[in-house]
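Student: fold the following and give me the result.
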Amino acid sequence: MNNTATQSMTQTADTQINSNAKKEVIKKEVLKTNMPADQKFYDFYLDEHQNMACRRLHFAGSSFGLLGLAKSVKTRSPKPLLKGIAAGYACAWVGHFFFEKNKPASFKFPLKSFASDFRMYGDVVRGNLSLKDRKFDKAR
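Tutor: Numbers count the residues shown, from 1 in each chain. Now for the predicted structure:
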């Protein structure tokens, strides 16, 4: 094969790689702009939980809520569930008022916040969100 043919093949391969890279960039931009509303809210929710003490308190509060639910099912009584919910929200609100220094999203968006809290809890359990340092977060 001569030098011109080799250069032509190299240029064609480079053009194909650049074209694929451009397509991937465009695809990512489209996905960002057409993001589902749930993901947009969850991103907002994570922005409201940057402080590690607040995240830890949320995790503890959600754990109290789940323990209350389990005990409530076991005893067939609503009292443990109510206590778990109260303890959960108390932990979360302390985290927001004293550490994060913002207003809890549950005041404006109670259902979305409740769902996002358990999504955040799951991300922590799976290792996608850190309770030590935000630099270890993988959820975004």
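
Student: any buried residues in the helix or strand hosting D43, and which?
Tutor: Secondary structure assignment for D43, by DSSP states H and E: helix 37-47. Under the neighbour-count criterion of 16 or more other C-beta atoms under 10 Å, helix 37-47 has 41-42, 45-46 buried. All C-beta spots, glycine's among them, are computed from the backbone N, C-alpha and C.

Student: and which of these is nearest K79?
Tutor: Nearest to K79 among the buried residues of helix 37-47 is Y45, at 29.4 Å by C-beta to C-beta.

Student: on that earlier part again, and the helix holding D43, how far out from the chain middle?
Tutor: Taking C-alpha atoms, centre = their mean, to the nearest Å, one finds helix 37-47 lying 7 Å from the centre of the chain it belongs to.

Student: tell me what it is packed against?
Tutor: Applying 3 or more C-beta pairs under 8 Å, 6 or more residues apart in numbering; DSSP states H and E, we find helix 37-47 packed against helix 110-126.
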